[in-house]
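1. with the input below, show me the fold.
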Amino acid sequence: MRYRSFSESGQAISALSLSLDDDSSRPADLRGLIVGALETGINCYEARVDDLDALYAIGQATATLERRMVVVGLRVPLDTDKGRRLLDRGTVIRLLQEALRTSGLRWIDYLMIEDPQPGEFDADFRGTIEAARQARRLRFVGIRGDTPAMDKLLADAAVDIYAAPYNLRASRITRSRMRTAVHGGLTVIGYDYYPAEVHASVAAPSPEPTRRTGLLGFGMGMARAIQAQPERPAPYLFLDRLREWDADQICLAYALTEPSLCTIQLSTGEAETITRLAGVVDRELPAGVPAQIELARVADLD
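-> Numbering: from 1, shown residues only. Predicted coordinates for the structure are as follows:
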C-alpha cells in the first residue's frame, strides 16, 4: 500500500480508503471486513452518519491502534425523500456526539456533507464546526458531489476536503474543480472510479455481425445488408480483454495515476474484492493501455 499526506496535518493516508455504504454487509461481518482492510494497509474509513453498525465496527476494529494511525470520516447524506437535511447547531452536535459514543473514538477526522445545498454553509453551521474543532471533536469538514453548488464552496474556502467522482468518463468540469480544490489547499478524495456506464458497456455482449438474407446472399438480401450499419462496439469493451487484469482493476489503476487525489474510495462489502483491488496500488498500467483509454474517451464523447 502507498500512502500520501492527508491535508496540511501531514498525517499519512492510504491510497485506497473504504466507504462503508454497502447495504449488503451484515453488522456481524463489518468488523471482519475492516480488519481485513487494515491488513491490506487501508487506514481510512467513512461511514454514513445514520449507520451506527458501521461506526461501532470501526471503533472495535481499530481499538488497539494509536488513534492518529486511522482516518475516520462521517458522511451526512441528503434526505432523498424530503430533499433537505438539518445542519443547525443542535443537530450537528448531536450527530457528532452519537458517532463518538457509538464508535468509542475520541474525535472524528472529517464531516463530509453530501450534495450540499445553497445556504447550508451559513454562519451558524460554520460556527458549530469551529466550536467542534475547538473542543477537539472534529478536525475537518468536506463536501461531496459534482454539482454547480460546489464551485462557490470551493471558491470561498469554506471547506477542507472535496470528494469528487473521478473515473475514465470524468468531465472537463469535474477535473477543473479538482484542480481548483488542490490549488486552494484542499484535500481531494476520489470515488466512483468504476462508473456504472463503463461497467454496463463491458458486461454487454458483443454485437453480432449483420447477416445477409436472400438467395446466396444476393438480391434484396444483399441490398439490405449494404444499407444496414453495423452496431458500434462499446468503447470500453477492451477493458475486459486484458490478460491478468479485470476491468475494475484497470479503472482503479487509471484513477490512481491522478496526482490530485489523496485517496480513492472503495465501496464493497466483500473482503476478497478489497484484497484484489489493494494489489493494484503497486502495479503499473500495461503498456499501451493509457493510449487506448484516451481513444475510448474520445469515442465516448462523440
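2. could you measure from Glu130 over to Leu38?
-> When distance is defined by CB to CB, to the nearest Å, Glu130 is 32 Å away from Leu38. Backbone N, C-alpha and C define where each C-beta goes, glycine included.
3. looking at these two, which has the bigger crowd around it?
-> Using other CB atoms under 10 Å, the more surrounded residue of Glu130 and Leu38 is Leu38, with 18 against 12.
4. now the strands for the stretch 51-200 of the chain?
-> 71-76, 108-114, 138-144, 161-165, 187-191 (DSSP state E, counting those that start in this stretch).
5. so can I have a markdown table of those strands showing distance to Asp29, mean neighbour count and mean pLDDT?
-> Converted to a markdown table, the strands of the stretch 51-200 of the chain look like this (distance: least, CB to CB, whole Å; neighbours: other CB atoms under 10 Å; pLDDT from 0 to 100):
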| stretch | distance to Asp29 | mean neighbour count | mean pLDDT |
| --- | --- | --- | --- |
| strand 71-76 | 19 | 23 | 96 |
| strand 108-114 | 23 | 24 | 95 |
| strand 138-144 | 25 | 23 | 95 |
| strand 161-165 | 25 | 23 | 96 |
| strand 187-191 | 22 | 24 | 96 |
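6. would you turn those into a markdown table with distance to Ala287?
-> A markdown table is the format used below for those (distance: least, CB to CB, whole Å):
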| stretch | distance to Ala287 |
| --- | --- |
| strand 71-76 | 34 |
| strand 108-114 | 37 |
| strand 138-144 | 35 |
| strand 161-165 | 28 |
| strand 187-191 | 24 |
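7. out of these, nearest to Ala234?
-> Closest approach to Ala234 among the strands of the stretch 51-200 of the chain (CB to CB): strand 161-165, 20.2 Å.
8. list the contacts for Tyr236?
-> With contacts defined as CB atoms under 8 Å, 6 or more residues apart in numbering, Tyr236 is in contact with 168, 198, 201-202, 247, 296, 300.
9. Thr257: which of the residues you listed is nearest?
-> Out of the contacts of Tyr236, the member with the shortest distance to Thr257 (by CB to CB) is Leu168, at 11.3 Å.
10. who's in contact with that closest one?
-> Leu168 sits next to 195, 198, 236, 251, 254, 293, 296-297 when contact means CB under 8 Å, 6+ apart.
11. kindly report the same for Ile34.
-> For Ile34, the contacting residues are 18, 20, 45, 57-58, 61-62, by CB under 8 Å, 6+ apart.
12. show me where the stretch 201-302 of the chain has its helices.
-> Secondary structure of the stretch 201-302 of the chain (DSSP state H, counting those that start in this stretch): helices located at 220-227, 247-256, 271-278, 289-301.
13. how about a markdown table for the ones you listed, with distance to Leu105 and mean neighbour count added?
-> Formatted as a markdown table, these follow (distance: least, CB to CB, whole Å; neighbours: other CB atoms under 10 Å):
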| stretch | distance to Leu105 | mean neighbour count |
| --- | --- | --- |
| helix 220-227 | 67 | 12 |
| helix 247-256 | 28 | 22 |
| helix 271-278 | 22 | 17 |
| helix 289-301 | 39 | 14 |
